[in-house]
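from the sequence below, what's the structure:
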Amino acid sequence: MQSEIFQTLQHYLNQQVIGQEGLVEQLLVALLADGHILVEGPPGLAKTRAVKALAECIEGDFHRIQFTPDLLPADLTGTDIFRPETGEFQFQPGPIFNSLVLADEINRAPAKVQAAMLEAMAEKQITAGRKTYPLPKLFLVMATQNPIEQEGTYPLPEAQLDRFLLHLDVDYPDAEHELAILRLNRGEAKGDHAQNTPRVSQQSIFAARQEVLNIHMAESIENYLIRLVMATRKPAQYDTKLAEWIEMGVSPRATIALDRCARAHAWLKGRDFVSPEDIQAMIFPVLRHRLLLSYQAQAENVHPNQVIAHLLSLVGSA
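Next up is the predicted model:
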């Protein structure tokens, strides 16, 4: 069963990224839902480690790209190289042609690089000159960004943020997990390896994605999902405070993402049906980067998580 393979993978990742069980689960949800991931949090909280640990377990080529302000689109996509021996130009693929791409500190990339990244993420292809080149069938961008240090950064536009299936928040571990992290790091420095790295084939991933799509979702759950989405577009019908906070609601892409992610979450829990709890668990990473908050909400330091929590309290699942 594909579920057993992913349970083994989840157990391994929880041992490698201690105290971030929610992050690990959502990484696997994104993999099962065939979407890209944006991981955000203060420095030193194992964002890159989590992404690299997942990449090491998946069959396919992996490449890490360190985004900097002087990066060019060709550094990402590749370019035509003149070959003197043939007298012709030959396309040299860039690092984006790997199955798994870690875009480290993606918000340090200038606008032209972000535009090239947008085409790759949305269309699974890149254009160089007059030709278009397809990317691998298994193609997943796992990006990180640091929300604290903003000097020398280029905030991602809403159009590109919307291309990420999930926006994952990483927070500090508690004291017990901090001690476990310390001991794990000490053991790794000594060369200890407690468990072999599991390997998940691309065939297993594609088969698991089909199982996820076959998860049953009752009509009442579909209606609950739609009501949540519509409440972001017409918040005044539900609550004055919600209307003051939301400048613009989410697009149909968010509806599709929430459906796929709720199914993947249910599948990881070993169920063959979607419950309201699956939608409630996944609505935060699906919507937090898609909601456009008003100036008033920003002035009051209202976090998107507060808006989503208030939204859930207003829209009943029954």
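
hmm, what's the outermost residue in this protein?
residue 85 (43.6 Å; C-alpha atoms, centre = their mean).

in a helix, that residue, correct?
No: using DSSP: H, G, I helix; E, B strand; the rest coil, the secondary structure at residue 85 is coil, not a helix.

how about it, phi and psi?
phi -70, psi -30 (degrees, to the nearest 10).

and for residue 165?
Backbone torsions for residue 165, taken as degrees, to the nearest 10, come to phi -60, psi -50.

check residue 172 too.
phi -70, psi 140.

OK, contacts around it?
Applying C-beta atoms under 8 Å, 6 or more residues apart in numbering to residue 172 gives the contacts 42, 45. For every residue, glycine as well, the C-beta is placed using N, CA and C.

spatially central residue for the chain, please.
By C-alpha atoms, centre = their mean, the most central residue of the chain is residue 37, 1.4 Å off.

helix, strand, or coil at that residue?
Secondary structure, three-state DSSP: residue 37 is strand.

ranges for the helices of the stretch 1-150 of the chain?
Taking DSSP state H, counting those that start in this stretch, the helices of the stretch 1-150 of the chain run over residues 2-16, 21-32, 47-57, 73-77, 111-123.

please work out which of those helices is packed deepest.
Among the helices of the stretch 1-150 of the chain, the stretch with the highest mean neighbour count (mean count of other C-beta atoms under 10 Å) is helix 21-32, at a mean of 22.

list the contacts of that helix.
6, 9-10, 13-14, 17, 36-37, 39, 50-51, 54, 58, 140, 142, 165-166, 168, 170, 205, 208-209, 212, 261, 264-265, 267-268, 282, 285.

same thing but 7 Å
Helix 21-32 is contacted from outside by 6, 9-10, 13-14, 17, 37, 50, 54, 140, 165-166, 168, 170, 205, 208-209, 212, 261, 264-265, 267-268, 282, 285, using C-beta atoms under 7 Å, 6 or more residues apart in numbering.

for stretch 261-268, same thing?
Residues contacting stretch 261-268 (C-beta under 7 Å, 6+ apart): 3, 6, 25, 28-29, 32-33, 165-166, 211-213, 215, 217, 273-275, 278-279, 281-282, 286.

could you pull up phi and psi at residue 209?
The phi/psi pair for residue 209 (degrees, to the nearest 10) is phi -60, psi -40.

quickly note the distance from it to residue 77.
Relative to residue 77, residue 209 is positioned 26 Å away (C-beta to C-beta, to the nearest Å).

thinking again about what came up before, got a PyMOL select line for the buried ones in the contacts of stretch 261-268?
PyMOL command restricting the contacts of stretch 261-268 to the buried ones, with burial defined by 16 or more other C-beta atoms under 10 Å:
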select buried, resi 6+25+28+29+32+33+165+166+211+212+215+217+274+275+278+279+281+282+286
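
where do the strands sit along this protein?
Here the chain has its strands, by DSSP state E, at 36-40, 62-66, 78-83, 88-93, 100-104, 125-128, 131-134, 140-145, 164-169, 246-248, 292-293.

just send those strands back as TSV, with distance to residue 153 too.
Below are the strands of the chain laid out as TSV (distance: least, C-beta to C-beta, whole Å):
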stretch	distance to residue 153
strand 36-40	12
strand 62-66	14
strand 78-83	25
strand 88-93	28
strand 100-104	13
strand 125-128	24
strand 131-134	29
strand 140-145	8
strand 164-169	16
strand 246-248	23
strand 292-293	20
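
for the ones you listed, give me JSON lines that also has mean pLDDT and distance to residue 114.
Formatted as JSON lines, those follow (pLDDT from 0 to 100; distance: least, C-beta to C-beta, whole Å):
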{"stretch": "strand 36-40", "mean pLDDT": "89", "distance to residue 114": "13"}
{"stretch": "strand 62-66", "mean pLDDT": "88", "distance to residue 114": "13"}
{"stretch": "strand 78-83", "mean pLDDT": "84", "distance to residue 114": "17"}
{"stretch": "strand 88-93", "mean pLDDT": "84", "distance to residue 114": "20"}
{"stretch": "strand 100-104", "mean pLDDT": "88", "distance to residue 114": "10"}
{"stretch": "strand 125-128", "mean pLDDT": "82", "distance to residue 114": "14"}
{"stretch": "strand 131-134", "mean pLDDT": "87", "distance to residue 114": "19"}
{"stretch": "strand 140-145", "mean pLDDT": "87", "distance to residue 114": "11"}
{"stretch": "strand 164-169", "mean pLDDT": "91", "distance to residue 114": "12"}
{"stretch": "strand 246-248", "mean pLDDT": "92", "distance to residue 114": "21"}
{"stretch": "strand 292-293", "mean pLDDT": "90", "distance to residue 114": "18"}
